[in-house]
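*Asks:* A structural model of the following input is requested.
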Amino acid sequence: MKLLIAVVQDKDTNRLLDALGEENFKITKLATTGGFLKEGNTTLMIGCEDQYVDHALNVIRDNCSKREQMVAPISPMGGNADSYIPKPVKVEVGGATVFILPIEQFIQF
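*Replies:* Numbering: from 1, shown residues only. Sure thing, here's the model as predicted:
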């Protein structure tokens, strides 16, 4: 058995939850915040048997798209704000980051 921990941008969450639900995956949803953009995202914990890991990854890949977004940079900490000229920067967001962990034991009460 494996535990998939998928960190997904909020914009992709509902579509992914629907798709995983249609495939009968059991999911726990956690509201989280990303460290780089300081924006909301969702962390999904998905427990599944080893033979279904690739299928789960395909569903995640098919429902989490990458896109470009303009982000205003944060002013430098402790720096001289007079010389700092904020310019929006284009960054790639979206997609999913998935961690796959082995599960030694699973107990449900």
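
*Asks:* where along the chain do the strands fall?
*Replies:* For the chain, the strands defined by DSSP state E cover 2-9, 26-33, 40-48, 66-71, 89-94, 96-102.

*Asks:* Which among those is found nearest to Asp18?
*Replies:* Checking those against Asp18 by Cβ to Cβ gives strand 26-33 as the closest, at 10.7 Å. Every residue, glycine included, has its C-beta placed from N, CA and C.

*Asks:* Which residues does that closest one contact?
*Replies:* Where contact means Cβ atoms under 8 Å, 6 or more residues apart in numbering, the residues beyond strand 26-33 that reach it are 7, 13, 17, 20-21, 39-48.

*Asks:* Show the buried residues in the residues you listed.
*Replies:* By neighbour count, with 16 or more other Cβ atoms under 10 Å, these hold Val7, Thr13, Leu17, Leu20, Asn41, Thr42, Thr43, Leu44, Ile46, Gly47, Cys48 as buried.

*Asks:* what's the fifth one in contact with, if anything?
*Replies:* Counting by Cβ under 8 Å, 6+ apart, Asn41 touches Val7, Val8, Gln9, Asp10, Thr32, Thr33, Gly34.

*Asks:* So among these, which ones count as buried?
*Replies:* Val7, Val8, Gln9.

*Asks:* Which of the residues you listed sits closest to Ala56?
*Replies:* Of the buried ones among the contacts of Asn41, the one sitting nearest to Ala56 (Cβ to Cβ) turns out to be Val8, at 12.8 Å.

*Asks:* I'd like to know which elements the lengthiest helix in the chain is packed against.
*Replies:* Among the segments of the chain that qualify as a helix by DSSP state H, the longest is helix 10-22. Counting by 3 or more Cβ pairs under 8 Å, 6 or more residues apart in numbering; DSSP states H and E, the packing neighbours recorded for helix 10-22 are strand 26-33, strand 40-48, helix 53-63.
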